[in-house]
Each structure stands twice: as C-alpha cells, then as structure tokens.
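Chemist: Using only what follows, build the 3D model:
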Amino acid sequence: MFSASLHSDGCTLLHQAIGTWCQGKTVPWQAMDNTQWEVLVGEARLHGVSGLLYPLLPDDVPVGVRDTLRSDYQNQLAANMLYMQKLAQIVPALRSAGVRFAVVKGAALLATVYPDMGMRAMKDIDLLVHPEDANILKPVMQQLGWQEEDEDIAGKQFGERYRAETSFTRQEGSLMFRTEAHLDIPGFYPHSRQAVWQKVVSACGAGIDEMPVLNTSAHLNYLCTHFYYHHCGLGLKWLVDVALLVSQIHSWHDVVVDAYEFGTTRPVHLALHDAAKYLQIPVPQHIVETLRFLPMPLSLRLLFEMCKRPYLHYLGIRLLDLYRAPNWHTRLGYIWRKLIAPRWRRLPRCE
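Modeler: Below you'll find the model as predicted:
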C-alpha cells in the first residue's frame, strides 16, 4: 500500500527526480532494481504524476516500467488534447457573450508553464466566472452542448448564493467531459472576490489565442490555497504546479501583497515551504518567513488549521463557507440545502 502523503519515505526518490526537473536540470538517475522501479511507479501513479515522470526516464529503465508510464502519459495526452479542443470552443463563445471569466488550474497551467500536454493530468476544465455574469454562463454552455450537472447543490439561484459553483457535462459517445464553474476564489477575505478581476491577463497556448488567465502571482495564490483548502496539503501533482509557477515569479512583492489582500498568507506560506523542502525549489526564505508572520484573524486561522487536517477537513470547509457568506439569509439557505440534498441522506446499513 502506497501512502498519498508527501511525508512518505517512499516518495524521496520521486521528489528528487521531479524537483530536479522543475528546476530545469537533467535528472541524475541512480542504478535501481526492478522492485525499486515498481515502488517509484506506484508512488508516481498514486500522486498523479506518472505522465510527468515518463519523459524523464533513463534509457536503461525496465521495459515494464516504461510501458506502464507510457500508457499513462498517452492517455493523459489524448484526454488533455480533447479537453483543449473543447476549451477552444468555450473561450471565444464566453468572450463573445461578454462573460468575465478566467481559466484556472490544469488547463491554464498546460497553456502557460508545462512544456508538454501529456505531463499533467486534467480531469475537467476549471473556470473562474464573475458572479454578475453567472446567468449568462448557463445558456452559452447549453448552446455549446453542455448540460448543468449539480443543480441540487448549486441551487436554482446560481448567481446569487455564496461560494456558488456548478458543473457542466457533455457526452460524446463513451466519453464524458466536465467543466467546473466557480464564482468565488478560494481566498478567505470576501473583498478579494472583486480584487481578483484586476489580475486577469491573456495568454496564448495549447492552440488557444487570448485565453483569460490569472496573472502569475494571483494564480500562485489560487493554487496554494486550493492545495490546502481542498487537498489538505497532500498530493505531489499540486505541489509541482506550485513549483512551476514559482519559477515564473518576477516580483515576490506582488505575491506577498496578493496573499495579504486575499487572506491566503498561511496556505501560501505552507505551500512554498513544502515546495522548498520536498522539491528543493529555491524560494526566498525571507518571503516564506514574511508570509508566516503576516497578521490573520484568529478565527480564520483556526478554521484554516481545521481545513488542512484530513479528519477535520470537511467540517473546516463548511464552517469557512458559513463564515464568508455575505448575510444570514445566504447562510441559512446554505445550511438548508446541505440538509435536504439527496446525496447527504443517511443510507441504511448493509447487513
């Protein structure tokens, strides 16, 4: 059984190989037997970085190892190319309709920092959508052949509820495509919801011209917070995303200012610390220490500490949702939807 924790001893060699690549260097592979290669492949697949590891393999790697990783890489490449084709249709359609949005996470990273489309797993398309344009989003997606998926959770008043998010699916033969639309960034301060729209820039990549994305500093804040807010700081794939964005940073001052403005100083501090510790990414120590000691309300800090612990993760996120809601009407509506949603009803125990 392989551990998904970054603290696992079995991950050491994987950290070294991928960290060296993230720094733009050639991986100095050491001699390994078949068992060691199998452990490495198992860890890579568990952490979702097997497609990244495949192009880094030495010539003398066992045939079975190369075949396994090649299969993962080719599957990722095929899936990512299909998703990018769909995104190439979505981006101009949303722009023409006047929807303010930014592509985030996987698709944005493949277009800006990853040198190879098959190196990063992407299971859906993530969009950050301006709350005021939420009602335009749905009909545009429907015209493109996408259907809303989670209406029971998102609610019929999608553009009005706090932390609104929904997903759209598109079926093509045996393939199911998925697009996630988020109306809020994973920062902790409500006023940052408007500030983030000043940080959207255009990027050209993966065959898409003028793709709206967050600038490097804002996207780094977004990813660091997502890493801890949704994944408890576990998962090498997300840490590689952080490491690659770090290499693109030209102004650490902007990173600190954005973290302070969004209320993400703690998760950015932790993610940068982990990138330096596990992947040996050169991060200025004074920046890590500055982020560590920047003030943050005690209530929010306690809630975040709950979020980054697996056994308190769900409760911490739900409390943060309530904390950041704009009013009590939204809070009560959120609680009510959580209580009556079919997926949360207690199921009878199987005998």
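Chemist: Show me where this protein dips below the pLDDT cut-off.
Modeler: Scanning the chain for pLDDT under 70 picks out 1-10, 150-164, 326, 340-351.
Chemist: residues touching the residue nearest to the spatial centre of it, list them.
Modeler: Nearest to the mean C-alpha position of the chain, by Cα atoms, centre = their mean, lies residue 105 at 4.7 Å. By Cβ atoms under 8 Å, 6 or more residues apart in numbering, the contact set of residue 105 is 126, 222-223, 226, 241. For every residue, glycine as well, the C-beta is placed using N, CA and C.
Chemist: Using JSON lines, lay out these together with distance to residue 98.
Modeler: As requested, the contacts of residue 105 are exported to JSON lines (distance: Cβ to Cβ, whole Å):
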{"residue": "126", "distance to residue 98": "21"}
{"residue": "222", "distance to residue 98": "23"}
{"residue": "223", "distance to residue 98": "27"}
{"residue": "226", "distance to residue 98": "27"}
{"residue": "241", "distance to residue 98": "30"}
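Chemist: What is the nearest of the residues you listed to residue 339?
Modeler: residue 226 (26.6 Å; Cβ to Cβ).
Chemist: and the closest one, how many neighbours?
Modeler: Per other Cβ atoms under 10 Å, the neighbour tally for residue 226 reads 21.
Chemist: Residue 135 versus that one, what's the distance?
Modeler: 26 Å (Cβ to Cβ, to the nearest Å).
Chemist: hang on, the earlier thing: in the contacts of residue 105, which residue is surrounded by the most others?
Modeler: Per-residue neighbour counts (other Cβ under 10 Å) across the contacts of residue 105 peak at residue 222, which has 28 neighbours.
Chemist: what about that residue, is that helix, strand or coil?
Modeler: helix (DSSP: H, G, I helix; E, B strand; the rest coil).
Chemist: So it sits against residue 108, correct?
Modeler: No. The pair residue 222 / residue 108 is not scored as a contact, 9.4 Å apart, by Cβ atoms under 8 Å.
Chemist: Between these two, which contacts overlap?
Modeler: Residues touching both residue 222 and residue 108 (Cβ under 8 Å, 6+ apart) are residue 214.
Chemist: what number of residues lie near residue 238?
Modeler: Neighbour tally, residue 238, other Cβ under 10 Å: 23.
Chemist: And the one 5 residues further on, by the same measure?
Modeler: Residue neighbour count, defined by other Cβ under 10 Å, stands at 26 for residue 243.
Chemist: ok, it - contacts?
Modeler: 19, 22, 275, 279, 281.
Chemist: Name the nearest of those relative to residue 210.
Modeler: Closest approach between the contacts of residue 243 and residue 210, by Cβ to Cβ: residue 22, at 27.8 Å.
Chemist: residues contacting that closest one?
Modeler: By Cβ under 8 Å, 6+ apart, the contact set of residue 22 is 240, 243-244, 247, 279, 281.
Chemist: mind running it again at 7 Å?
Modeler: Contact partners of residue 22, counting by Cβ atoms under 7 Å, 6 or more residues apart in numbering, are 240, 243-244, 279, 281.
Chemist: nearest to residue 172, of the residues you listed?
Modeler: residue 240 (29.6 Å).
Chemist: Would you mind measuring from that closest one to residue 47?
Modeler: To residue 47, residue 240 is 9 Å away according to Cβ to Cβ.
Chemist: After the helix or strand hosting residue 238, which helix or strand is next? Please name it.
Modeler: For residue 238, the enclosing helix or strand under DSSP states H and E is helix 236-246. Next in sequence after helix 236-246, counting helices and strands by DSSP H and E, comes helix 252-262.
Chemist: What residues sit buried inside stretch 227-237?
Modeler: Buried residues in stretch 227-237, counted by 16 or more other Cβ atoms under 10 Å: 227-229, 231-237.
Chemist: and those residues, which two are the farthest apart?
Modeler: 229 and 236, at 17.4 Å, using Cβ to Cβ across those.
Chemist: Now do the helix or strand residue 218 falls within: distance to the chain's middle.
Modeler: Secondary structure from DSSP H and E places residue 218 in helix 216-229. On the basis of Cα atoms, centre = their mean, to the nearest Å, helix 216-229 sits 8 Å off its chain's mean C-alpha point.
Chemist: The stretch 151-300 of the chain: strands as residue ranges?
Modeler: All strands of the stretch 151-300 of the chain, identified by DSSP state E, counting those that start in this stretch, fall at 165-172, 175-182, 200-205, 208-214.
Chemist: Quick check: which helices or strands does the last one pack against?
Modeler: Strand 208-214 makes packing contacts with helix 63-96, strand 101-104, helix 106-112, strand 200-205 when contacts are defined by 3 or more Cβ pairs under 7 Å, 6 or more residues apart in numbering; DSSP states H and E.
Chemist: Quick one: closest of these to residue 56.
Modeler: Closest of the helices and strands packed on strand 208-214 to residue 56 is helix 63-96, at 9.4 Å (criterion: Cβ to Cβ).
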